[in-house]
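> Could you work out the structure for the sequence below:
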Amino acid sequence: MSTDNASKKRKHSSSQSVSSKKPRTQGNPTLLGPHEAILKELSAKHNVLPLSVLSSTQIRKRVSSATSHLLDKSTESRAVLLHARPADVCKMITVAEQCKRVLGEQGRAWFQYNELFDLPPEAKKKKNNVPEGGDVEEEAEEDSDSDEGAFEAMESRFEQAVLPPPRARTYKSLRIFISRQAIAELKSKENVTVQASEDTTQ
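This is a model prediction of the structure:
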């Protein structure tokens with residue numbers, strides 16, 4: 001029985017050590033894809049914490065994580081990246097506003113940088129999905145008048161041969177950077193808008 005107890009203890013301790021070493025991630029790696037380039041650019045001079053805001057995200061926890069990072073006493077430049085899908089942008093803005101309020105209550109200056117970014121192709125495909133019932137109805141309408149369908153097909157061939165190809169439609173969402181110092185790399189971008197607390201100079 002002593003050997004059995006010892007083996008159970010070893011298994012229990014090993015499982016604890018494995019679980020304790022598991023890294024905590026602040027966001028889904030696939031959601032970070034559109035932001036990897038800007039994060040790499042900023043990482044040379046700034047400590048940026050990326051935080052995703054989803055429909056299931058608790059606002060209070062996100063605000064706590066963001067403000068803890070920004071209020072750290074280290075001397076390095078710190079920033080928080082808030083990013084969300086279009087459906088959750090309003091929730092993300094709420095997180096940003098509450099973060100700025102906390103910084104203001106602490107007597108700290110803040111800068112906010114807003115930028116639109118392109119969503120990955122997976123998000124575009126989801127928007128283009130059509131219910132199966134719709135497809136069946138469209139096919140039935142085309143089959144009901146074969147002459148009209150043939151004319152439309154011929155016309156589309158001529159259009160493809162003569163007209164320039166249509167521009168690829170892009171879908172965008174918003175990302176927000178919040179920092180306690182001005183970030184020149186973000187301010188210099190044409191598509192970035194800047195907000196700042198009253199006691200700062202942009």
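> lowest-confidence helix or strand of this protein?
Every helix and strand in the chain was compared by mean pLDDT, DSSP states H and E; the lowest is helix 132-144, with a mean of 41.
> low-confidence ranges in this structure?
Along the chain, segments meeting pLDDT under 70 span 1-30, 121-161, 165-169, 199-202.
> quick one: the strands in it?
In the chain, the strands defined using DSSP state E lie at 46-52, 77-83, 111-118, 172-179, 192-196.
> Including mean neighbour count and distance to Leu163, could those go into CSV?
From N, CA and C alone the C-beta is placed, and that goes for glycine too. Putting the strands of the chain into CSV (neighbours: other Cβ atoms under 10 Å; distance: least, Cβ to Cβ, whole Å) gives the following:
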stretch, mean neighbour count, distance to Leu163
strand 46-52, 19, 40
strand 77-83, 22, 37
strand 111-118, 17, 25
strand 172-179, 21, 26
strand 192-196, 15, 35
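> would you list those in TSV and tack on distance to Ser65?
Putting the strands of the chain into TSV (distance: least, Cβ to Cβ, whole Å) gives the following:
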stretch	distance to Ser65
strand 46-52	6
strand 77-83	8
strand 111-118	17
strand 172-179	12
strand 192-196	21
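> Among the ones you listed, which comes closest to Ile93?
Comparing those against Ile93 with Cβ to Cβ, the closest turns out to be strand 172-179 (7.4 Å).
> pull the CA atoms of the closest one into CSV?
Extracted C-alpha coordinates of strand 172-179, given in CSV (Å, rounded to 0.1, in the frame of the first residue of the first chain):
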residue,chain,number,x,y,z
LYS,A,172,-12.6,46.2,-41.4
SER,A,173,-12.8,46.5,-37.7
LEU,A,174,-11.4,48.9,-35.1
ARG,A,175,-8.4,48.5,-32.8
ILE,A,176,-7.5,50.9,-30.0
PHE,A,177,-4.2,51.6,-28.4
ILE,A,178,-4.1,53.2,-25.0
SER,A,179,-0.8,54.4,-23.4
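> which stretch among the strands of the chain comes nearest Lys40?
Closest among the strands of the chain, once you apply Cβ to Cβ, is strand 46-52, at 9.9 Å.
> ok, and what's touching the closest one?
For strand 46-52, the surrounding residues in contact (Cβ atoms under 8 Å, 6 or more residues apart in numbering) are 26-28, 31-32, 35, 39, 42, 62, 65-66, 69, 74, 76-84, 95, 177, 179, 183.
> Check stretch 54-62 too.
Applying Cβ under 8 Å, 6+ apart, the contact partners of stretch 54-62 are 51, 53, 82, 84-85, 87-88, 91, 94-95, 98.
> Nearest to Gln195 among those residues?
Checking the contacts of stretch 54-62 one by one against Gln195 (Cβ to Cβ), the nearest turns out to be Leu82, at 13.5 Å.
> For the closest one, which non-adjacent residue is spatially closest?
Of all residues not flanking Leu82 in the chain, Ile176 sits nearest, at 4.5 Å (Cβ to Cβ, 6 or more residues apart in numbering).
> Can you give me every residue that contacts that neighbour?
Shown in contact with Ile176 (Cβ under 8 Å, 6+ apart): 81-83, 92-93, 96, 112-115.
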